[in-house]
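K.L.:
coordinates only, no sequence provided:
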Ligand SMILES: Nc1ccn([C@@H]2O[C@H](COP(=O)(O)OP(=O)(O)OP(=O)(O)O)[C@@H](O)[C@H]2O)c(=O)n1
Ligand SMILES: C[C@](O)(CO)[C@H](O)COP(=O)(O)O
């Protein structure tokens, strides 16, 4: 089984709105629904779980019913960090009957422009190699900030990757990694791929992301970009 695990347990401080950004309505549709729809319509996704900010579970279920997200099977409570939220989701999937061999695509709930190709390639690479991470090669000149100056770094930009999501693993491997991280007090890794990296996993295979999937709704200007992008699309499920 291929399961999408969407993270929506954050409070969205940098967005500075009254409600968490994953529930902000864009053209009358909550952000999390756009993201859910990308996985709902993908033929290889069998089920979806969302790790949700405490107190928003009923709203999430109601929106999912309203927008016909029939693959949503589990809603789990978020934690106090991204890592903690993902761990809650993985433990929930395990208790919810998922097998260790099931493929889990961990994806930011506020990264709504993930494409069918990116989801398909995550599943294919995970099946082949065990680990898949979405990202983009840097095309900018990258320098290191030191106080208020910038200095050269030694790694060529072609070898640097800006990670996006999904990050895709077998459930058994990812849950083992999260449990080990907890035992070894490895906390606040910003992503599953960096958690795996911190534990010494080196063969995480790159899935080429996209600039569109690079849009993680973080600040108000990202909302303007998102609106502009969906308003110029003709083939969206909304129209
Ligand atoms: N404790 C947390 C923190 C974050 N996330 C989720 O992880 C994704 C990426 O995190 P980010 O964009 O940093 O979201 P927030 O933590 O909500 O934002 P901020 O740091 O501005 O508060 C989001 O979908 C967010 O809901 C989560 O599930 N649990
Ligand atoms: C998971 C992530 O989106 C990969 O790029 C990123 O690490 C999330 O970082 P944030 O600090 O939680 O926004």
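P.N.:
Nice, I can see it. Worth saying up front: this structure is predicted, and the values here are computed from it rather than measured. Ligands and ions are numbered 1, 2, ... in the order given.
K.L.:
now do the helices in this structure.
P.N.:
With DSSP state H, the ranges of helices along the chain come out as 31-40, 57-66, 82-95, 116-129, 171-183, 192-198, 220-231.
K.L.:
residues in contact with the fifth one?
P.N.:
Residues outside helix 171-183 that contact it (Cβ atoms under 8 Å, 6 or more residues apart in numbering): 3, 83, 86-87, 90-91, 93-94, 98-104, 106, 130-131, 169, 186-187, 189, 192, 195-196, 198-199, 201. Quick note: C-beta positions are derived from backbone N, CA and C, even for glycine.
K.L.:
the residues you listed, buried ones only, as a ChimeraX selection?
P.N.:
Buried residues among those (16 or more other Cβ atoms under 10 Å), as a ChimeraX selection:
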select :3,83,86,87,90,93,98,102,103,104,106,130,131,169,186,189,192,195,196
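K.L.:
sorry, back to before: deepest in the core, which of the helices of the chain is it.
P.N.:
Most buried of the helices of the chain by mean neighbour count (mean count of other Cβ atoms under 10 Å) is helix 31-40; its value is a mean of 23.
K.L.:
what packs against it?
P.N.:
strand 2-8, strand 47-52, helix 57-66, strand 103-108, helix 116-129 (3 or more Cβ pairs under 8 Å, 6 or more residues apart in numbering; DSSP states H and E).
K.L.:
wait, does the longest one contact ligand 2?
P.N.:
In other words, helix 116-129. No. Interface with ligand 2: helix 116-129 contributes nothing (Cβ under 6 Å from any ligand atom), its closest point being 13.1 Å away.
K.L.:
and the second one, by the same measure?
P.N.:
No. Contact between strand 47-52 and ligand 2, assessed by Cβ under 6 Å from any ligand atom, is absent, since the two come no nearer than 12.8 Å.
K.L.:
and the longest strand for the chain?
P.N.:
strand 161-170 (DSSP state E).
K.L.:
residues touching the most centrally placed residue in the chain, list them.
P.N.:
Centroid check for the chain by Cα atoms, centre = their mean gives residue 107 as the closest residue, at 1.9 Å. Applying Cβ under 8 Å, 6+ apart, one finds that residue 107 lies in contact with 4-7, 35, 39, 114, 165-167.
K.L.:
that'll do, ta.
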